[in-house]
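Engineer: Based on what follows, work out the 3D shape:
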Amino acid sequence: MAVPESHHPVGPATPNGRRHSNAEWDFPFALPGRWQGRKKIPANTERRQPWVDPDAVDPTRITPRFARARIPLADFVAHVKTIADDAGVVSIDHPALAHERDEIRYVYPHARSLVVLIGEENKPSLQSRYLPTANHELYECEERLFKWDHEVVRYIRTLGGDALTTTIGWPQEVSVRWADKIWPLSHKLVAQAAGLGIIGTSRNFLHRRFGAYCLIDTVLTNLEFEDLEYAEAARPLDWNPCLECNLCVASCPTDAIKADGEFDFFACYNHTYRDSIPGFMDLVRDLSEARPRKFEHRWSDAEIAALWQSMAFRVEYRCFNCIATCPAEIHDAFHHDRAVRAEYVRETLKPLTHVRREADEQFVIDTPSARERLGIPPGAYRTPPDPTRPGQHGTRLVQLQRIRVSNIDTMMRMMPYYFRPEEADGLDFTCQFLLDGPGGGEWVLRVADRRCNVRPGTVGAPDLTVHCDGRVFLGVHRGELSPVWQLLTGGIRLGGQRRLFLAFPRLFPVYPEEGPIRRWIWRLRQSTWRRSPSAGATDPAR
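Structural biologist: Okay, here's the model as predicted:
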């Protein structure tokens, strides 16, 4: 299926003039969870996330060559199910994959069918409060999937076709794509397109039999089946366990999963993946920039040891609650049997929620609201340790702006992910960006109901206009240029309600100011805020 021409607006971001925007790709299935469209703008994570044009890496196009399958698709799937725990097949022309078709063909130019494999994980292991047990189960399941991939590839060769495996998890193509969409293929979308389950409120894939306790991988092959066979094999699943359950919302220690259907990717990423890319980048920058005393304030011995373990052995994830507390695989019993539900809440939900929220160390994005809520002044980055409790506890603030992009197009597309909804109370405005110079263009940013959307193009009568060289705004994003200096010298020119621009450092976090004067001002504001009868209400432009 050809991608509609409207999904390829002209822009200077890529060699052939195509610019992909999240705003142009609606979620291809029924929206996850119970979101009813009551917000002024849709959730950003109810969109598909494309990458830039693959031609930006290599414009070479290879003509696909397909091999007609020698057996019916139903027989093919039946055999693959004897290898994996479950399996399905979709055509590369499935509408759910339209935003990634060029990327898939970049990985394997002759891709015609996508064979999705499901590996069941051991439920008790994932529900253990002891994180190494859950991590070990995850990696063991990945290894089983990788072995199954190669069995499927060998089977495809017996049918006269060719195939290759894709990546289940790390490593991804970070050397080329960072910080952008680092995967070329969304396994969850393929699995839902194949009718094997749905993507839930937590953004985990929920299998009809295994629930959240599964992993997915995809084999790309040039085997071609009949169009009618593809349609029969990929019938949508009439099942949505998320309509009656919010346990993942209740158990998430980072509040990344929202009851209204939104998902705060960076809140989850900076905590759960702390001992991966975010933590390593933090460590390197602190070693290169920070004074020894400041380094001690930011890094505990436990954090350094955890990062060493991940680098020397394998990445250890700090939370599995959205998987471990999901009752999708016992959906009917959970909702119709009070005893089953009470036992699940007592033995699974409450213990895991307590351990991940209270016993484990929390990694929270550094924002003014977070500092006010946690009582962490400028120059400090964690709550005081509790010497009466074992291990490392409390909360550590992390700098979101250290996850930096390298080009203007990616910066604009990812602004909704950098956006901090807790800083946007009372804000409702539209901003027109006019970015000059190489890689620039016109972009529209919309903020309302604690949500943010960005799309390429223009809008009539924006509340705020930001006009500058695109490289200047990229430098501000990366912390290399001062926005105040750029405003004073004309590097950034504002139009409309200029005061709205004062909210941007809170909405899209920058490095916090430090020093004795900033600490004195912060403590004064804290004492004033606590005495105020309307404590909690903040000036959105402050």
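
Engineer: Who are the contact partners of the nearest residue to residue 121 once chain neighbours are set aside?
Structural biologist: Once flanking residues are discounted, residue 121 sits nearest to residue 213: 4.4 Å by CB to CB, 6 or more residues apart in numbering. The way it works is simple: take the backbone N, C-alpha and C, and place the C-beta from them, glycine included. When the contact criterion is CB atoms under 8 Å, 6 or more residues apart in numbering, the partners of residue 213 are 120, 121, 122, 123, 126, 207, 323, 329.

Engineer: what sits against the third one?
Structural biologist: This points to residue 122. When contacts are counted by CB under 8 Å, 6+ apart, residue 122 touches 137, 213.

Engineer: swap in the second one?
Structural biologist: The neighbours of residue 121, taking CB under 8 Å, 6+ apart as the test, are 137, 138, 141, 210, 213, 214, 215.

Engineer: following the strand or helix carrying the last one, which helix or strand shows up next?
Structural biologist: When you say that, I think you mean residue 215. Here residue 215, judged by DSSP states H and E, is contained in strand 214-221. Downstream of strand 214-221, the next assigned helix or strand under DSSP H and E is strand 223-224.

Engineer: Given that following strand, what are its sheet partners and their directions?
Structural biologist: Applying DSSP bridges to the sheet, strand 223-224 is found paired with strand 67-68 (parallel).

Engineer: Roughly how far does the residue located most distally from the centre of the chain sit from residue 261?
Structural biologist: Distance from the C-alpha centroid of the chain peaks at residue 70, with 39.8 Å (CA atoms, centre = their mean). Plainly put, residue 70 is 45 Å away from residue 261 if you go by CB to CB, to the nearest Å.

Engineer: how about the nearest residue to residue 462, chain neighbours excluded?
Structural biologist: The nearest residue in space to residue 462 (CB to CB, 6+ apart) is residue 432, at 3.9 Å.

Engineer: Run through who's touching the helix or strand encompassing the one you found.
Structural biologist: Element membership for residue 432, per DSSP H and E: strand 429-436. Contacts of strand 429-436 with the rest of the structure, by CB under 8 Å, 6+ apart, involve 408, 412, 441-448, 458-459, 462-470, 473, 497, 500.

Engineer: before we move on, what about stretch 160-178?
Structural biologist: Contacts of stretch 160-178 (CB under 8 Å, 6+ apart): 51, 57, 67-70, 107-108, 110, 115, 142, 145-146, 149-150, 152-153, 156-157, 182-185, 187, 215-223, 276-277, 315, 406.

Engineer: Likewise for stretch 323-339?
Structural biologist: 123, 126-127, 134, 200, 202, 204, 206-207, 209-213, 241-242, 244-245, 247-248, 250-251, 340-341, 344, 348-349, 352-353.

Engineer: Okay, and which of those map to helices?
Structural biologist: 123, 126, 134, 247, 248, 250, 251, 340, 341, 344, 352, 353 (DSSP state H).

Engineer: The second one touches residue 135, doesn't it?
Structural biologist: Looking back up the chat, that one is residue 126. No. Taking contacts as CB atoms under 8 Å, residue 126 lies outside contact range of residue 135: 9.7 Å.

Engineer: Among the contacts of strand 429-436, name the buried ones.
Structural biologist: Buried subset of these (neighbour count, 16 or more other CB atoms under 10 Å): 408, 412, 441, 443-447, 459, 462-466, 468-470, 473, 500.

Engineer: show me where pLDDT drops low in this protein?
Structural biologist: Judged by pLDDT under 70, the chain has its weakly predicted residues at 1-23, 33-38, 44-46, 170-172, 290, 391, 528-542.

Engineer: got the domain boundaries for it?
Structural biologist: 5-242, 248-401, 429-507 (automatic domain parsing).

Engineer: tell me the phi and psi of residue 162?
Structural biologist: Note on residue 162: its backbone torsions stand at phi -130, psi 160 [degrees, to the nearest 10].

Engineer: Could you report the neighbour count for it?
Structural biologist: Residue 162: 15 surrounding residues under other CB atoms under 10 Å.

Engineer: tell me which residues of stretch 510-526 are tucked away?
Structural biologist: Using 16+ other CB under 10 Å as the burial criterion, the residues of stretch 510-526 that qualify are 510, 512, 522.

Engineer: Equivalent analysis for stretch 109-126, please.
Structural biologist: For stretch 109-126, by 16+ other CB under 10 Å, it's 110-121, 123, 125-126.
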